[in-house]
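[1] Sequence isn't available, so here's the structure alone:
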């Protein structure tokens, strides 16, 4: 089934509305906490335990280590505690309409401790959601629903990445995200894959393998894309000659630059500039 809204076609899965009931971020319960809701809270509950927590699993309390996520189904008993020291966690109480197996489709299990190789992205999204939660506006409910949906889609990707690769990939993933952002912003344009591998103190083949695994494309393709995008920016906004722009973007051979530019932009650098000027 498809829905048409404002001339945009969206799938039934994307039409799911998540309504946030309550949420907290890095909330500190001084002296601990003992939650015992035999019938749940009347909604779904997504938790991020920032400290070791005892959770009722399989008929007994089991100690869950810090930095663990947990998802309770609507109507499911919610029983967890930390009786010593402070209890620190993030939580999101929410409803979904229509539910339609939302979490099953994303492969996010209920009542199961879940770890991520890298939690900062989800933590930042919860923090952002909290800011919007206390905001107002005509589009507030839609913004909240979209941000919440994005959070769970992102969690699904990171969770399955962790299941497949383990938490040992954490440090590399963080470094590679920073690296890719610098390349795409043209803050750093390496001459070769070997140069990057050397800076990371790993072999070139392993670096290329990790990059492909993290982003689904090669480092070489990203470098070329960044160079061509930067060249397009210079063609639009400067009076440099095309040969000078090619040189600034790392091309000593103008013909090679022209071929790659046409491959990525669909026209020659000269045509691109002419079209930009005429616009």
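    Looks like it came in fine. What you see is a predicted model, and the numbers here were worked out from it, not measured in a lab.

[2] State the mean pLDDT of stretch 30-48.
    For stretch 30-48, mean pLDDT is 96.

[3] My error: substitute stretch 113-132 in the last question.
    The pLDDT scores in stretch 113-132 average 93.

[4] Okay, buried residues for it please.
    113-119, 121-123, 125-126, 129-130, 132 (16 or more other CB atoms under 10 Å). In short, each C-beta sits where N, CA and C put it, glycine included.

[5] got the residue ranges for the helices in the stretch 101-250 of the chain?
    102-106, 120-133, 140-165, 170-184, 193-200, 204-215, 219-237, 242-248 (DSSP state H, counting those that start in this stretch).

[6] ok, of the buried residues of stretch 113-132, which one's closest to residue 140?
    residue 132 (7.2 Å; CB to CB).

[7] who touches the closest residue to residue 48 other than its chain neighbours in this structure?
    Using CB to CB, 6 or more residues apart in numbering and skipping the chain neighbours, the partner closest in space to residue 48 is residue 90 (4.0 Å). By CB atoms under 8 Å, 6 or more residues apart in numbering, the contact set of residue 90 is 23, 24, 25, 26, 27, 47, 48, 50, 123, 126.

[8] ok, now how distant is residue 90 from residue 199?
    Remark: distance between residue 90 and residue 199 (CB to CB, to the nearest Å) = 35 Å.

[9] Then residue 257?
    Between residue 257 and residue 199 the distance is 25 Å, computed by CB to CB.

[10] for residue 173, what are its contacts?
    Neighbouring residues of residue 173 by CB under 8 Å, 6+ apart: 117, 118, 214.

[11] Surely the second one and residue 159 touch.
    Spelled out, that is residue 118. No - counting by CB atoms under 8 Å, residue 118 sits too far from residue 159 to count as a contact (10.9 Å).

[12] What is the longest strand anywhere in the chain packed up against?
    Ordering each strand of the chain by length in residues (DSSP state E) puts strand 17-29 first. Applying 3 or more CB pairs under 8 Å, 6 or more residues apart in numbering; DSSP states H and E, one finds that strand 17-29 makes contact with strand 87-97, helix 120-133, helix 140-165.

[13] What are the buried residues along the last one?
    By that I understand helix 140-165. Buried residues in helix 140-165, counted by 16+ other CB under 10 Å: 144-145, 147-149, 151-152, 155, 158-159, 161-162, 165.
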